[in-house]
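Colleague: heads up, no residue letters with this:
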């Protein structure tokens with residue numbers, strides 16, 4: 001009876017070590033990835049002169065989308081629409097960057 005408990009105990013210990021190694025590896029990979037993303041956003045915010053918050057990055061994306069709409073309007077030969085989208089994009093981005 002003790003040989004069965006010892007066998008299953010050792011199998012459980014081996015399985016536990018394997019799971020622990022897998023979790024540690026995943027944590028190592030994503031820990032470095034998360035740190036790299038954090039450093040990227042901090043550097044981007046520092047270069048633009050804005051504070052690194054989620055709200056500011058959402059406004060940055062919105063401003064870039066407005067700028068893209070202006071470019072598409074200019075390509076479509078709509079000067080008034082292009083100027084309108086460009087004005088909105090520049091107002092948003094200049095207020096964000098300060």
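Modeller: Structure received. These figures come from a predicted structure and were not determined experimentally.
Colleague: what helix or strand is the residue sitting nearest the centre point of the chain on?
Modeller: The centroid of the chain falls nearest to residue 37 when counting by C-alpha atoms, centre = their mean (6.1 Å). Assigned by DSSP states H and E, residue 37 belongs to helix 2-48.
Colleague: Any chance you could list what contacts the following helix or strand past that helix?
Modeller: Once the chain leaves helix 2-48, the next helix or strand it forms, by DSSP H and E, is helix 54-75. Helix 54-75 is contacted by residues 41, 45, 48, 50, 81-86, 88-89, 92-93, 96 when judged by C-beta atoms under 8 Å, 6 or more residues apart in numbering. Any C-beta I mention is one placed from the backbone N, CA and C, and that applies to glycine too.
Colleague: what's the model's confidence in helix 54-75, averaged?
Modeller: Per-residue pLDDT over helix 54-75 has a mean of 94.
Colleague: burial measure for residue 13, as a count.
Modeller: Neighbours of residue 13 under the rule other C-beta atoms under 10 Å: 10.
Colleague: An error on my part: the question was meant for residue 67.
Modeller: When neighbours are counted by other C-beta under 10 Å, residue 67 registers 17.
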